[in-house]
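Chemist: Give me a model of this one.
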Amino acid sequence: MFPGSFDPVHNGHLEVIERAIAIFDEVVVAVLRNPQKAEPLFTASEREEILRECLADYAAVRVVSMSTLVVEVARSVGAQVIVKGLRAVTDFENELQMAQMNHHLTGVETLFLPTGSEYSFIASRLVREIARFGGDVSAFVPAVVASRMKERFGE
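Modeler: Got it, this is the predicted structure:
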């Protein structure tokens with residue numbers, strides 16, 4: 001299972017999903033609400049819809065949306081491994097603590113996949129900021145996301 005807020009989904013997320021597909025028979029992409037983040041740009045159902053559109057060519061991917069603990073989502077979808085993408089050392093520090101807690105709570109393992117260097121600087125928060133101020137985000141997100149962001153910000 002690959003959990004995230006995906007607000008919006010960007011090319012770095014898609015790269016991690018594609019790599020996870022090469023490792024596992026099925027990948028569940030779980031859209032979650034992160035209470036530590038600001039009000040989302042897209043609703044959970046919009047993010048789920050966007051992800052389904054972006055991942056339509058992958059038969060081994062299922063997209064779900066839930067608002068509970070990641071380990072509860074993993075349990076409900078039958079996932080034995082949580083996949084997390086890492087961009088930098090700071091990601092590792094945060095994700096390691098969560099992985100250890102998740103393992104303690106349920107025994108679920110976490111697999112860290114470093115993003116490719118061409119995506120390591122992309123973050124949803126930066127993409128939102130660029131779009132909010134009228135910048136072009138098409139190099140960082142799938143076309144469907146760029147289009148929806150233009151609609152959202154009235155471009």
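
Chemist: Roughly how far does the nearest residue to residue 16 once chain neighbours are set aside sit from residue 31?
Modeler: Leaving aside its sequence neighbours, residue 16 sits nearest to residue 85 (CB to CB, 6 or more residues apart in numbering; 3.8 Å). No exception for glycine: its C-beta is placed from N, CA and C like everyone else's. Note on residue 85: its distance to residue 31, by CB to CB, to the nearest Å, is 15 Å.

Chemist: do the same with residue 125
Modeler: For residue 125 relative to residue 31 (CB to CB), the value is 16 Å.

Chemist: Kindly report the same for residue 117.
Modeler: Distance from residue 117 to residue 31, by CB to CB: 26 Å.

Chemist: just residue 126 next, same as before
Modeler: 20 Å.

Chemist: neighbour count winner among these two?
Modeler: residue 31 (27 against 14; other CB atoms under 10 Å).

Chemist: contacting residues around the more buried one?
Modeler: 4-6, 44, 47-48, 51, 63-66 (CB atoms under 8 Å, 6 or more residues apart in numbering).

Chemist: One more pass at 6 Å, please.
Modeler: 6, 44, 47-48, 65 (CB atoms under 6 Å, 6 or more residues apart in numbering).

Chemist: Specify the local secondary structure of it.
Modeler: At residue 31 the chain is in strand, as set by DSSP: H, G, I helix; E, B strand; the rest coil.
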